[in-house]
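Q: Got a predicted structure here, sequence first:
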Amino acid sequence: MHLREGLDANYQHLQGCGVTHAVLRARDTSGEQVRAIQAKYPKLFVWTASTDITRPEAEAALTKAIKEGAIGLGELKSHVAADGPELRRMYALAADLNVTVMIHFQEVPHFDGEGVFATGFKQFEKMLKAFPRTRFIGHADAFWANVSADYANEIDYPSGPIKRGGITDKLLGDYPNLFGDLSANSGNNALSRDADFTRDFLRRHQDKLIFGSDCSCTDGRGAGVAQANNPRASRLAGKCVARETLALLQRSTTPEIFRKLAWSNARSLFALEI
Ligand SMILES: [Zn+2]
Ligand SMILES: [Zn+2]
């Protein structure tokens with residue numbers, strides 16, 4: 001989940017949606033705030049660090065955050081190419097620091113002026129090959145739209161049955177250094193399109209996928225202006241993304257696989273001592 005302001009807001013969302021522990025996706029400068037939250041709620045939260053990766057100090061800032069206790073990089077969300085020099089530096093840094101790196105892939109803006117992020121997912125295989133020691137976590141629109149082989153970067157959240165053989169499905173199967181983050185409208189949307197596909201996809205990639213929320217509701221039950229910054233995600237307006245995706249996963253797979261997706265995979269990927 002994204003780090004929320006205040007000592008209690010993160011915990012309140014967890015309580016409301018029925019989740020026990022969380023990785024807070026925060027900024028490189030969030031260390032002090034996270035430590036205050038960890039002091040009040042011991043052992044419930046860890047954090048990852050993001051920054052503007054286009055600035056020259058990005059590597060130093062993220063390295064400092066890891067030294068201060070962050071357990072990963074991301075989500076990295078910048079207006080750059082997925083195989084461009086800025087992200088390549090981050091892939092190398094993640095390997096050097098022995099932490100995961102989570103990338104927001106988006107080829108279609110949600111509103112005028114938003115722009116696009118980590119573009120060129122269809123060619124991402126060459127990054128997986130070039131950085132075999134880097135553990136990548138794929139996230140957001142283009143990562144999830146590409147579970148279907150017929151995606152042509154034409155829309156942010158495609159609907160309808162999945163055409164088998166999509167790039168994301170193939171890369172998750174072929175590359176041990178790629179993992180998938182199930183959060184947000186993008187993850188929920190992809191898994192809601194085709195129940196037969198979803199059941200099989202979760203089974204095949206049961207050791208590679210991690211539940212996440214990326215929810216903006218206040219109480220873990222859909223209150224507040226959920227998905228306010230994303231008018232295209234009206235499908236989940238008024239709902240808690242965490243609750244919706246947990247329910248979707250539960251009805252789409254076995255209890256054993258559900259436990260991997262909602263607990264054990266993250267625990268081992270982030271080497272958590274819980
Ligand atoms: Zn994102
Ligand atoms: Zn929520």
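A: Structure's in. What do you need? Ligands and ions are numbered 1, 2, ... in the order given.
Q: What is the neighbour count of Ser268?
A: 11 (other Cβ atoms under 10 Å). Just so you know, the C-beta spots here come from the backbone N, C-alpha and C atoms, and that holds for glycine as well.
Q: which secondary structure elements does the helix or strand containing it contact?
A: Ser268 belongs to helix 265-269 when assigned by DSSP states H and E. On a contact count with 3 or more Cβ pairs under 8 Å, 6 or more residues apart in numbering; DSSP states H and E, helix 265-269 meets strand 209-210.
Q: Spell out which strands sit alongside the strand it packs on in the sheet and which way each one runs.
A: strand 178-181 (parallel) (DSSP bridges).
Q: Report the rounded mean pLDDT for the helix holding Ser268.
A: Mean pLDDT, computed over helix 265-269, is 97.
Q: Show me the beta-bridge partners of the closest residue to ligand 1 within the stretch 101-250 of the chain.
A: Going by Cβ to the ion, ligand 1 is nearest to His104 of the stretch 101-250 of the chain, at 3.7 Å. Here His104 sits in beta bridges with His139, going by DSSP bridges.
Q: What about it, how many residues nearby?
A: Neighbours around His104, by other Cβ under 10 Å: 22.
Q: who's in contact with it?
A: Gly74, Glu75, Leu76, Lys77, Phe117, Ala118, His139, Ala140 (Cβ atoms under 8 Å, 6 or more residues apart in numbering).
Q: how much space is there between the third one and ligand 2?
A: So that's Leu76. 23 Å (Cβ to the ion, to the nearest Å).
Q: For that residue, what are phi and psi?
A: phi -90, psi 120 (degrees, to the nearest 10).
Q: Any idea what it is bridged to?
A: Going by DSSP bridges, Leu76 forms beta bridges with Ile103.
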